[in-house]
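> below is the sequence, then the predicted model.
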Amino acid sequence: MSALADRPEHPVVGQHHAHESAALHVTGAAMYTDDVAEQTAGVLTAWPVQSTSAHARVTIDVSGAYDVPGVVRVLTADDVPGLNDAGIRNDEPLFPSEAMFYGHALVWVLGESTEAARLGAARVKVDYEPLPSLITVQDAIEAQSFMGTPRTVERGDAASALASAAHVFEGVTEFAGQEHFYLETQASFAVRDSEGQYFIQCSTQHPSETQDLVSHVLGIHANEVTVQCLRMGGGFGGKEMQPHGFAAVAALGAKLTGRPVRVRLNRTQDLTMTGKRHPFHITWKVGLDEDGMLQALDTVLTADGGWSIDLSEPVLGRALCHLDNAYWIPNVHAYGQIAKTNKQSNTAYRGFGGPQGVFLIEDILGRVAPALGIDPLELRRRNFYRQGQSTPYGQVVKDADRMPTIWDQLAGEATIAERRAEIDAFNAANPDVKRAISMTPIKFGISFNFAAFNQAGALVHVYKDGSVLVNHGGTEMGQGLHTKMLQVAATALGLELHQVRLAPTRTDKVPNTSATAASSGADLNGGAVKNACEQIRDRMSAVAGRLLGVDGRDVRFGGGYVTALGKPDRLTFAQVAKEAYFQRVQLFAAGYYRTEGLHWNPEIMQGSPFKYFAYGAAATEVEIDGFTGAYRIRRVDIVHDVGDSLSPMLDIGQIEGAYVQGMGWLTLEDLRWDETDGPHRGRLQTQSASTYKLPSFSEMPEEFNVRLFENAREDGAVYGSKAVGEPPFMLAFSAREALRQAVGAFGPAGHVVELASPATPESVYWAVEAARAAASAASVGAQVAEDVALTRA
């Protein structure tokens, strides 16, 4: 078999192809989980009874629900035949006796219609025995409310290096979470067949784990449950862990009633019941030498995990492994812990802790650059990793020279020097409107931190007519994974793209799959699909060799035809497939791939957990209105490393979308909870798009330039490609840093700007006011000094 990264002549990978479901998406014809439920007769709808207390013991009387016409059943803890839990640590009761957050689902009402189920839920009586609640991460820190295992990443002697550093700064960095706000809310649909087996349609990034959890709740084996993910209307990590409980509710309802059951949250339910990106509270102390070279970092990271552990431990682990971003820090002591609060259980989100780690070092460099009197772009560049250096957790930084190369290419293409001169002139002439441009890098590790997840399977069928059907373990949530897998299969079999079809992801076709997460979907599943296709191609080569009168090793597949070296004859792929069938040659194969070269010890947080690093850089120009704090994103330029792209058009779309989503987290999306001691303590106040600001057309960059880094083949990855889903998200730090510099332009030279996150227009306004106050104080101080000097003269 060929090397994993090698491409044949005229490959389908690398070509610009539209998303395989694009036409269905834009015409509204694409089917999603709840669409399937809508077209099924006799379906019952499940509706949750949600807690109206942030923390309380509950006593529940469901009898009133049965007075509502159309109510069929109320699901409670007493109905669970197996394990009453929806988590991975047995800390998330599916039907709890203790409400752990405001909005917690306590029981579920099944109705003949959505309205019947809703009205039935309203008749359920819940008595609350209030318990103390912790809403903010600061509350949890003060109460010493923690969960999970704390971790430490350490290298060198941070304390000694700080003691001897020429410049030492310390501070607190805090930033909020982020709502996934996928267009399709959480949805599951369960049917129990005549044999007692369960078929579950689920909007899930992890069908195998959904299968496992449903089987545990029902007290049956995994082979009695089949989970299918047709497609998702977005996921972003929010459907990696959280769909399992909803699928279990649907399956339990199907078991007890013998009828199909659907769970489809409305937007308010989804917002109030599901977890978000983890907010962090970070204290830090950093040391630099006279030249601005980082010498030491001592920091404590506290992640707000919400009410249960969920994926908080690996999220924290990845944050600790990305607090260096692209910078060499010789001495590091980083301690991480997880706060337990009475809010939704925070979970995976695009970047999976990486953005939180990167936030720390970018915030530090943005703050200290003015105090050091060093251009922030230069401060960043001079601290980049160099070849041969290692991360604080002990992994050699492969291809470290790509970072300065990308940085310099971007600076040239975006004409940074010329535009900064123009901005200086503009700012000098405009006292109430300021502009700035900033650049930030990203170095992001690719692979699951948990080694066992770095494997994938595929099942490929070649039919007698030469058509091909591909099954793989990855799920499609709009990111284009299925399109890339079609391109991989077509390339490996030497076919045109239209000759290959992809089947929905199902646990009875490819078992024991990993979540489509960690940006590894194409790496893992692409390796498995390629492996399966090469097995079939090798068998067909022998058949074709006999037909063409050559050794099978001299057979070539391409463009839907099969040829032999040195011969003019050619056969169609279909002809060879048909002849292979008659020769009793196997035309299907199970493919498998596992990522090699990984080793990681989570106890000491040392090893090489990543297959490779993805690099990139972004330059963002902003303009701030000093009267309102409102701002515009005038221009964005990005150069990003995706290896040899499998599908350039999709990759550029992923980069653009990731940047905008990152910009939303850093500048717009402001989650708010009721932190008072009133009756609605712990209630999410931003329960809809009317109160939770998402990026829209008006926030898009006025000019948006994205280029893929060239000559970037990644050996050891499928067809030389690299992951693209998560790394570009962190390019949005350039927007935040540009806002910081624009705010600084309202202040005196050397003014340190502390910018809240998200940097909403309100936050920017107050930062501008602080900068203006500093400028005024500096002006008064200068005048006093001048008067003193004149008096002495």
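It's in.
> show me where the stretch 51-200 of the chain has its strands.
For the stretch 51-200 of the chain, applying DSSP state E, counting those that start in this stretch gives strands covering 56-61, 71-75, 98-99, 105-111, 125-130, 146-155, 167-175, 187-192, 198-202.
> between the ones you listed, which gets nearest to Gln661?
strand 167-175 (15.0 Å; Cβ to Cβ). Quick note: C-beta positions are derived from backbone N, CA and C, even for glycine.
> before we move on, back to that, dump the strands of the stretch 51-200 of the chain to CSV, plus mean pLDDT, distance to Leu481 and mean neighbour count.
As requested, the strands of the stretch 51-200 of the chain are exported to CSV (pLDDT from 0 to 100; distance: least, Cβ to Cβ, whole Å; neighbours: other Cβ atoms under 10 Å):
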stretch, mean pLDDT, distance to Leu481, mean neighbour count
strand 56-61, 98, 41, 15
strand 71-75, 98, 34, 23
strand 98-99, 98, 38, 22
strand 105-111, 98, 30, 26
strand 125-130, 98, 42, 13
strand 146-155, 98, 30, 18
strand 167-175, 98, 29, 16
strand 187-192, 98, 19, 27
strand 198-202, 98, 17, 25
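> and those: which comes nearest His10?
strand 198-202 (38.3 Å).
> report the angle between the axes of that closest one and strand 187-192?
For strand 198-202 against strand 187-192, the angle between stretch directions is 170 degrees (axes from the mean of the first three to the mean of the last three Cα atoms, to 10 degrees).
> give me the residues contacting strand 198-202.
Strand 198-202 is contacted from outside by 33, 36-37, 187-193, 210-211, 214, 218, 224-230, 243, 246-247, 250-251, 254-255, using Cβ atoms under 8 Å, 6 or more residues apart in numbering.
> and those, which are buried?
33, 36-37, 187-192, 210-211, 214, 218, 225-230, 243, 246-247, 250-251, 254-255 (16 or more other Cβ atoms under 10 Å).
> distance to Gly238 added to the strands of the stretch 51-200 of the chain, as JSON lines?
As requested, the strands of the stretch 51-200 of the chain are exported to JSON lines (distance: least, Cβ to Cβ, whole Å):
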{"stretch": "strand 56-61", "distance to Gly238": "26"}
{"stretch": "strand 71-75", "distance to Gly238": "23"}
{"stretch": "strand 98-99", "distance to Gly238": "22"}
{"stretch": "strand 105-111", "distance to Gly238": "16"}
{"stretch": "strand 125-130", "distance to Gly238": "27"}
{"stretch": "strand 146-155", "distance to Gly238": "20"}
{"stretch": "strand 167-175", "distance to Gly238": "18"}
{"stretch": "strand 187-192", "distance to Gly238": "12"}
{"stretch": "strand 198-202", "distance to Gly238": "13"}
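> now for the ones you listed, which one comes closest to Tyr349?
Here strand 167-175 is closest among the strands of the stretch 51-200 of the chain (Cβ to Cβ), at 12.7 Å.
> closest one to Lys434 among the strands of the stretch 51-200 of the chain?
Closest to Lys434 of the strands of the stretch 51-200 of the chain is strand 167-175 (Cβ to Cβ; 23.4 Å).
> how far off centre is the closest one?
Taking Cα atoms, centre = their mean, to the nearest Å, the mean C-alpha location of strand 167-175 is offset from the chain mean by 26 Å.
> can you name the residues in contact with that strand?
Outside strand 167-175, the residues that reach it (Cβ under 8 Å, 6+ apart) are 162, 279-290, 356, 359-360, 363-364, 367-368, 371-372, 754, 757-758.
> only whichever of those residues are buried, select them in ChimeraX.
The buried residues among the contacts of strand 167-175 can be selected in ChimeraX (16+ other Cβ under 10 Å) with this line:
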select :162,279,280,281,282,283,284,285,286,287,288,356,359,360,363,364,367,368,372,757,758
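> now, which of the contacts of strand 167-175 lie within strands?
280-288 (DSSP state E).
> thanks a lot, catch you later.
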